[in-house]
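K.L.:
predicted structure and sequence below. I'll ask about it afterward.
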Amino acid sequence: MSTPQTSSHAPLAPHQTTLVPLTSRTPFGFLRWLLLNILAALQRLDLSLNPSHTFVKLRRHRWSFKNDYPYLIMAFFASISLFVMDASPLFKLLIPLGYLIITTVPFLGQFFFPGTPVLAWVITFFCARYVPTEWRPDVHVALLPTLESVLYGANISDILTRFTHPVLDVIAWLPYGIIHFVIPFVVAAVAFVFGPRGSINYWGKVFGYMNLTGVVVQIVFPCSAPWYELIHGLSPANYSMAGSAGGLSRIDAIFHSHGYTETFSTAPLVFGAFPSLHSGCATLEALFLSHFFPRFRIAYWMYCCVLYWATMYLTHHYLIDVVGGGCLATFFFYYLMPAELREWETGGVGRFEEYDLLDRESTSFCFHLHPPSLVARGSFLHVRLASDP
């Protein structure tokens, strides 16, 4: 194979010379490239349904408190959640039994075991409504607006809510009420198909731990949101009060529905303003994608900025909540990142960037004559064409 033509790029690394380029291709070629990457990712899946394979791995695992203490923490919060849950003992028993099944069957376990922190966060969040009132601390009503005025010189979140418009409502609603719930799955899918080995497990761990920590902070340090100040002023709050959709009630009015109003009125955590997990998730997603796929980092952070603004515009968070969520995400992102993922094969270039590097010799597409063969080298997919030796 001749040396690739790279007049505008640095010399190619050996593993890059047979990559199908992303640019200079027809839409059909791009879809073919995408399909091949997805198929290669699916080929890495463990299709076994035999739980004994998992038990063998457990016996071989070298247990240590330093490496395994997070599972004790998650088990603690899950146990507390089950204890306070207002449900029948049989239903409570089915939850750990179901977890045991989905984590010991290899085919299911490869998805759900790395997502254990996410499952711990979900059950802790939804069971927060059952925590007895006598266990709960007093709700902080004046603390956040006071801190915001002291630290930033003004109540920034209040300023952002003084002018509202249906167009702004929709712009704020899209990232806050819809995209926020979709992006984590998109990031996981991208990491699974294009990311280096271990990136999908790292994503599940950091996303789950950050959200679990945020929910625990919201339970032990309850704070009211800006919507409470607009409705009740700074009068003391109690746990019998219903939640409010804040600015999202205007979305209900636009679509003639009551979805957000009913959802937030019965929210598990009515006084969970600090930290903002909306901003924490957005920050974490931007950090993760910027690290592994930096080509589109401007778009990632633009989304973050819009979501930061939306949390305050919709009266769900103060600026200090947004800052707290961003700091929480940044801490977990760097604290939990494995050493092998800090510097990976592309040297920080990112998979999407690689496909701009064009190997002239390997670009004679002969799919109709000779199907390509997939060769896995490390975590990268190589498509060897008919012209390759």
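P.N.:
Nice, I can see it.
K.L.:
burial measure for residue 271, as a count.
P.N.:
For residue 271, the count of nearby residues is 24 (other Cβ atoms under 10 Å). Glycine gets a C-beta too; all of them are placed from N, C-alpha and C.
K.L.:
dump the residue contacts of it.
P.N.:
139, 218, 222-225, 228, 237, 239 (Cβ atoms under 8 Å, 6 or more residues apart in numbering).
K.L.:
apply 7 Å and report the result again.
P.N.:
By Cβ atoms under 7 Å, 6 or more residues apart in numbering, residue 271 lies in contact with 139, 222-224, 237.
K.L.:
can I get the residues you listed in TSV including pLDDT, secondary structure and neighbour count?
P.N.:
TSV is the format used below for these (pLDDT from 0 to 100; DSSP: H, G, I helix; E, B strand; the rest coil; neighbours: other Cβ atoms under 10 Å):
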residue	pLDDT	secondary structure	neighbour count
139	94	coil	19
222	95	coil	22
223	95	strand	25
224	94	coil	26
237	92	coil	18
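K.L.:
pick the one among those closest to residue 244.
P.N.:
Lowest distance from residue 244 to these (Cβ to Cβ) belongs to residue 224, with 10.2 Å.
K.L.:
can you report how many residues lie near the residue nearest to that closest one when sequence neighbours are not counted?
P.N.:
Spatially, and ignoring its direct neighbours in sequence, residue 224 is nearest to residue 141 (4.9 Å; Cβ to Cβ, 6 or more residues apart in numbering). Residues lying near residue 141 (other Cβ under 10 Å) number 20.
K.L.:
ok, now how distant is residue 141 from residue 314?
P.N.:
Per Cβ to Cβ, to the nearest Å, residue 141 is found 19 Å from residue 314.
K.L.:
now swap in residue 171 and tell me
P.N.:
Look at residue 171 and residue 314: by Cβ to Cβ, they are 11 Å apart.
K.L.:
the two - which one has more neighbours?
P.N.:
Between residue 171 and residue 314, counted using other Cβ under 10 Å, the more crowded position is residue 314 (30 against 15).
K.L.:
what's near enough to touch the more buried one?
P.N.:
Going by Cβ under 7 Å, 6+ apart, residue 314 touches 172, 176, 246-248.
K.L.:
what's the closest non-adjacent residue to residue 132?
P.N.:
In space, residue 132 is closest to residue 84, 7.0 Å off (Cβ to Cβ, 6+ apart).
K.L.:
just the CA atoms of stretch 310-322, as PDB, please.
P.N.:
What follows is stretch 310-322 as a C-alpha-only set of coordinates in PDB (Å, rounded to 0.1, in the frame of the first residue of the first chain):
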ATOM      1  CA  ALA A 310     -33.100  27.500  30.800                       C
ATOM      2  CA  THR A 311     -32.800  26.300  34.400                       C
ATOM      3  CA  MET A 312     -32.900  29.900  35.700                       C
ATOM      4  CA  TYR A 313     -35.400  31.200  33.100                       C
ATOM      5  CA  LEU A 314     -37.900  28.500  34.000                       C
ATOM      6  CA  THR A 315     -37.400  29.400  37.700                       C
ATOM      7  CA  HIS A 316     -36.200  25.900  38.600                       C
ATOM      8  CA  HIS A 317     -32.700  26.900  39.800                       C
ATOM      9  CA  TYR A 318     -30.600  29.800  41.100                       C
ATOM     10  CA  LEU A 319     -27.300  30.500  39.500                       C
ATOM     11  CA  ILE A 320     -25.500  29.000  42.500                       C
ATOM     12  CA  ASP A 321     -27.400  25.800  41.900                       C
ATOM     13  CA  VAL A 322     -26.100  25.700  38.300                       C
END
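K.L.:
any low-confidence regions in this protein?
P.N.:
Along the chain, segments meeting pLDDT under 70 span 1-25, 344-389.
K.L.:
break it into its domains for me.
P.N.:
Domain segmentation of the chain under automatic domain parsing yields 16-45+359-384, 46-113, 136-342.
K.L.:
residue 99 - how many residues pack around it?
P.N.:
For residue 99, the neighbour count with other Cβ under 10 Å is 17.
K.L.:
any idea how far it is from residue 119?
P.N.:
For residue 99, the distance to residue 119 - Cβ to Cβ - is 7 Å.
K.L.:
try residue 314
P.N.:
According to Cβ to Cβ, residue 314 and residue 119 sit 28 Å apart.
K.L.:
try residue 87
P.N.:
Separation of residue 87 from residue 119 (Cβ to Cβ): 17 Å.
K.L.:
ok, residue 259 touching residue 251?
P.N.:
No. Using Cβ atoms under 7 Å, residue 259 makes no contact with residue 251, being 8.5 Å away.
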